[in-house]
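> coordinates only, sequence not included:
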């Protein structure tokens, strides 16, 4: 699977790269690969994370089947 940089993912999600940095520090957000100072996100992991965030209302992500 292709890998995305922090800047590429931030652009995809229309957010600041700094937000992704904070999420990593807090242990939130998608899993990532860190090699030295370089951070990469696997596109498959990103797609799974996005799917888990699908909401039907403002109470939060949909749980279980029936999506």
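Okay, I see it. In this text the structure is predicted, and so the values were computed from the model without any measurement.
> where does residue 4 sit: helix, strand or coil?
strand (DSSP: H, G, I helix; E, B strand; the rest coil).
> for it, what are its contacts?
Counting by CB atoms under 8 Å, 6 or more residues apart in numbering, residue 4 makes contact with 12, 40-43, 46. C-beta: built from backbone N, CA, C; applies to glycine.
> which of those are buried?
40-42, 46 (16 or more other CB atoms under 10 Å).
> just these: which are in strands?
In strands, defined here by DSSP state E, the members of the buried ones among the contacts of residue 4 are 40-42.
> now, which of the residues you listed sits nearest residue 2?
Residue 2 lies nearest to residue 42 out of these, by CB to CB, at 8.0 Å.
> my guess is that closest one contacts residue 33, does it?
Yes: between residue 42 and residue 33 there is a contact under CB atoms under 8 Å: 6.8 Å.
> tell me, what's touching the two both at once?
Shared contacts of residue 42 and residue 33, defined by CB under 8 Å, 6+ apart, are found at residue 3.
> and the residue at minimal distance from the centre of the chain, backbone torsions?
Geometric centre of the chain, nearest residue: residue 30, 3.9 Å, by CA atoms, centre = their mean. Residue 30 adopts backbone torsions of phi -70, psi 160, taken as degrees, to the nearest 10.
> and the helices in this protein?
6-12, 17-26, 43-52 (DSSP state H).
> how confident was the prediction at the closest residue to the residue nearest to the centre of the chain other than its chain neighbours?
Taking CB to CB, 6 or more residues apart in numbering as the measure, residue 30 lies nearest to residue 49, with 4.0 Å between them; neighbours along the chain are not counted. Per-residue pLDDT puts residue 49 at 95.
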